[in-house]
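Peer 1: Mind looking at a prediction? Sequence and model below.
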Amino acid sequence: MKKQYIILSIILVVFMMTPLYSATKISSATYTAFVDFEFKNAKINHTEVNTISKEFGVLNLKSSVDFGDYVAAEAYMLYYLDDDVVNISTVTKGRVENKSDFFVNVNDLKDKEKISYRIVAKLRKPDEKQYTEAAWFPSSTTFHTTMIVDSTSTVISASAGGTAKFVSGNQEYGDTKVVIPSGGISGDTKITIKQLPLSHASVQSQNNTSTKNRINKASMLASTNLNNQIIALYSITSEPTVDIRTPLVTDFYYGSVTDVTKFDIKYRADATSSWETIKLEKTDTVLRIVNTKIGKFGEYGIFVSNNLSDNDYRPPKRVRVKSRIKSGRYPGFEFRYLQEGDVVKIYNVNGKKIAELTDIDSNGSAFWEGKRDTNNSGDWAESGTYIYQIKLKEKGKIISGTIAFVW
């Protein structure tokens, strides 16, 4: 009887556990279905560029990639010039970070009419090793076309105001624009911003020397004399002609090819007038724009400032450690705002001349890498403190100081 009772108890326990196991199994299956999700695709974030400055001739695109559920991405740009769709070129960016801005660019577009581009991102899924094209702008089959121009026009209402803009085409920096407040001009008009070639800045009153000589002089100035060199030139006109009632806040983009940080803004009514300096409100060396307020339509030039102190010529970095900088990218010491005929001499603490710099680049800079002999042609100098002398030919002065070179 006791044995029969034990067997019955075991059967009863098994019978009672069966629904519990079944319920647990069903609950587990329901939970698994609940956490399952759909794969999220990647996308490219980019604001299209519709015009490029012919004078600067640079298309520099700012983009980012939202990875979605991918884990890694590589990006590149496809483009073709004018209507030559047969010859498509590639600009490779390589690996990019999730949602972080990156830039791809094409230069030397001055003699072209337009450029068509597509941005592509190749991405990799978590469980795969291979990359595959997964995001595009504007699409996987189309290109966006950008015109290369020297001017843009904007219709402005006198009562509403607005902004006239000349897009540089370089999304890493700024644009040239004129902000017109409500009531700032006397009537409705079309405002045109035109970028002029730098040689145009030399054309002045016909009562002076010949136009040809003035153009040659300006070209020589641009290549040999950084001080007072013009680096960007614009005309701002209205049609029909209106009066400016309130000074118009204006940004001028001066380009990406110079590291100069001090500028003058000059105005003239037209090519037969003389230049006069106007007040520069501020300089933004990050966006590479200078800001002012204009009260007249006409021509505006951005010049390298003549108002320089001794410190402007000195190296911004007084200590350079060569071993801390990757091979091939060591910049050395930069002496700035120089022009043809200026010389930089480097001496050790005993007064012995180590190097003499006469090569000046288009930005007006000379560099000492830390090598012996003229223009860095010798062996590396010893680690230590060195004395420099900057001889400015036009100003007839010498600026001295010390630098420390370590390697």
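Peer 2: All right, it came through fine.
Peer 1: so where is the stretch 151-300 of the chain shaky, pLDDT-wise?
Peer 2: The model of the stretch 151-300 of the chain has pLDDT under 70 over residues 203-228.
Peer 1: mind listing the helices in it by residue range?
Peer 2: Secondary structure of the stretch 151-300 of the chain (DSSP state H, counting those that start in this stretch): helices at 211-224.
Peer 1: mind listing the strands for it?
Peer 2: When assigned using DSSP state E, counting those that start in this stretch, the strands of the stretch 151-300 of the chain occupy the ranges 151-156, 162-166, 176-180, 189-195, 230-239, 248-253, 263-268, 276-278, 282-284, 289-294, 298-304.
Peer 1: need those in TSV with distance to Ile346 and mean neighbour count, can you?
Peer 2: Any C-beta I mention is one placed from the backbone N, CA and C, and that applies to glycine too. Supplementary listing: those in TSV, determined by distance: least, Cβ to Cβ, whole Å; neighbours: other Cβ atoms under 10 Å:
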stretch	distance to Ile346	mean neighbour count
strand 151-156	47	16
strand 162-166	44	19
strand 176-180	40	21
strand 189-195	40	20
strand 230-239	29	20
strand 248-253	36	23
strand 263-268	29	20
strand 276-278	36	13
strand 282-284	31	14
strand 289-294	34	19
strand 298-304	25	22
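Peer 1: I'd like the ones you listed as CSV, with distance to Phe333 appended.
Peer 2: Supplementary listing: the strands of the stretch 151-300 of the chain in CSV, determined by distance: least, Cβ to Cβ, whole Å:
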stretch, distance to Phe333
strand 151-156, 41
strand 162-166, 37
strand 176-180, 34
strand 189-195, 35
strand 230-239, 24
strand 248-253, 29
strand 263-268, 24
strand 276-278, 32
strand 282-284, 24
strand 289-294, 27
strand 298-304, 21
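Peer 1: how about those, which one is nearest Glu74?
Peer 2: Across the strands of the stretch 151-300 of the chain, the minimum distance to Glu74, taken as Cβ to Cβ, is reached by strand 248-253, at 30.8 Å.
Peer 1: ok, the closest one: who's next to it in the sheet?
Peer 2: Here strand 248-253 has these sheet partners by DSSP bridges: strand 176-180 (antiparallel), strand 289-294 (antiparallel).
Peer 1: In CSV, list the C-alpha atoms belonging to it.
Peer 2: The C-alpha coordinates for strand 248-253 follow below in CSV (Å, rounded to 0.1, in the frame of the first residue of the first chain):
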residue,chain,number,x,y,z
LEU,A,248,24.5,96.8,-45.2
VAL,A,249,26.3,94.1,-43.2
THR,A,250,28.6,92.3,-45.6
ASP,A,251,30.8,89.3,-45.5
PHE,A,252,33.6,88.8,-48.0
TYR,A,253,35.1,85.3,-48.5
